[in-house]
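A.B. asks: Quick one, fold the following:
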Amino acid sequence: MRVLATGKGYLALACDLLHRVRLADPNASVWEAADLQWWWRRPRLTDAVPQQFWVDEAGLPMAAVLLTEWSTHWGLDVAAVPGCEPSVVDTLWDAAQAVLDEHRVTAVESLVRTDDPTMTARLVGRGFVPGAASGEAWLASTDRLAPGDLPPGYRLVDRASHPSGPHPMAVRNGEHVEQRLRGCSLYEPGLDLFALDDQDRGYALFWNDPVTGVGLVEPVRVEDEHSGRGLGRALVTAGVDRLARHGARRVKIGFETERARRLYLGLGFEQRASQRTYHRPSG
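C.D. replies: Numbers count the residues shown, from 1 in each chain. Modelled structure (predicted):
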C-alpha cells in the first residue's frame, strides 16, 4: 500500500525505513537515518513535496524513492527492505519521476554502492551516467583510538557546554541550521563539536543511533588555513570516543578525497564499501 508524507512526517517515515534496512542487513544500504537528519539542517523545496512510501499491513515502511533538493540538482535515493519486490521500487520510481517532471527537474543524482549491480542497471537503463567515486569506512567502537591532543592554542568544545552565539555551521548552512538540527530525534548537542582558538576553526557532528547501534560522523570540516595541524584528527577521535560512551557499537564515516581516506584509515577505520554517483545531466 502506498502512503504520502511531507515535512517532519516524511523524515520520520524515511528514518524508520532506513532503520529497518540497516537492521535487516548490517552491511547493506548507502545511507543511515542520521544522514537524512543531517540533510534536514536547511529548508528545502522537497520539504513540502509529497513523497511516496510503500508500507506493509502494519503500516511499517518497506520501500521508498526519496527526493532531496540540493543547490545544483535533486538527489534520488532508493531505500528498500531486503526482499521487497522489485516491481514496488519501479512503481515508486515512476511516481518520483512524475514529481521531477512536475517541478521541471532534469539534473538528478543518485549514489550507489559499486557492489549493487541491480541498482546500477536500473539507473543506466533510465539514462543515468557514472560520475565521481567515494567510499565509506567503519570502526568497531572497541577499536577506537584515545582522543588526540589538540595543537597548542586550540580548544575543543561542544554545543551543550557552549550553547550561546551563532552556531559554527551557520556560515555554510544558513541561520536556521541549529533550529533544524535540534528538531531531529538523533541530534545531541554534546556530540556537536568544534575547535576554537579565537574563532571557530573546525567542526564535526556525531550522530548516535540507538536503534541500529551505528554512530555516524557527518560532517567534518577544518578551515583551509588551519588544515594540516591535527584538528581533524582531534575532532574525530574525540567524537568517536563520545559515540562509544553513548552506546554506539560501530562507527561509520564517508569520504570523497584520498586525503580524507588516509586520515580515517590512520585512525583505525577500515574501508568496507565504495560508491559511485550516477547523474542524469540536465538538458
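A.B. asks: any idea how far residue 61 lies from residue 80?
C.D. replies: 10 Å (C-beta to C-beta, to the nearest Å). Yep, even glycine has a C-beta here, placed from its N, CA and C like the rest.
A.B. asks: hang on, I meant residue 47
C.D. replies: According to C-beta to C-beta, residue 47 and residue 80 sit 23 Å apart.
A.B. asks: The two - which one has more neighbours?
C.D. replies: Shown here are residue 47 and residue 80; by other C-beta atoms under 10 Å, residue 80 has more neighbours (24 against 15).
A.B. asks: Bridged to the more buried one, which residues?
C.D. replies: For residue 80, the beta-bridge partners are residue 63 (DSSP bridges).
A.B. asks: mind listing what it touches?
C.D. replies: Applying C-beta atoms under 8 Å, 6 or more residues apart in numbering to residue 80 gives the contacts 21, 62-64, 88-89.
A.B. asks: Likewise for residue 137?
C.D. replies: Listed by C-beta under 8 Å, 6+ apart, the contact set of residue 137 reads 252-255, 261, 264-265, 269-272.
A.B. asks: swap the cut-off to 10 Å and go again
C.D. replies: 217, 251-255, 260-261, 264-265, 267-273 (C-beta atoms under 10 Å, 6 or more residues apart in numbering).
A.B. asks: which among the residues you listed end up buried?
C.D. replies: For the contacts of residue 137, a burial check counting by 16 or more other C-beta atoms under 10 Å picks out 217, 251-255, 260-261, 264, 267, 269, 273.
A.B. asks: Which members of those residues are positioned in helices?
C.D. replies: Within the buried ones among the contacts of residue 137, residues falling in helices by DSSP state H are 260-261, 264.
A.B. asks: Mind checking the pLDDT average for stretch 229-241?
C.D. replies: The pLDDT scores in stretch 229-241 average 95.
A.B. asks: List the buried residues of it.
C.D. replies: Neighbour-count burial for stretch 229-241, counted by 16+ other C-beta under 10 Å, picks out 229-241.
A.B. asks: coming back round to it: okay, and the common contacts of residue 61 and residue 80?
C.D. replies: Common neighbours of residue 61 and residue 80 (C-beta under 10 Å, 6+ apart) are 17, 20-21, 54.
A.B. asks: Narrow those residues to those in strands?
C.D. replies: Using DSSP state E, the members of the shared contacts of residue 61 and residue 80 that fall in strands are residue 54.
A.B. asks: Please identify which pair of the shared contacts of residue 61 and residue 80 lies farthest apart.
C.D. replies: Distance extremes for these: the farthest pair is 21 and 54 at 12.9 Å, using C-beta to C-beta.
A.B. asks: So between the two, which is more surrounded?
C.D. replies: Neighbours were counted for residue 21 and for residue 54 using other C-beta under 10 Å; residue 21 has more, 24 against 21.
A.B. asks: gap between the spatially most central residue of the chain and residue 84?
C.D. replies: The centre of the chain sits closest to residue 35, judged by C-alpha atoms, centre = their mean, with a distance of 2.3 Å. Residue 35 sits 20 Å away from residue 84, going by C-beta to C-beta.
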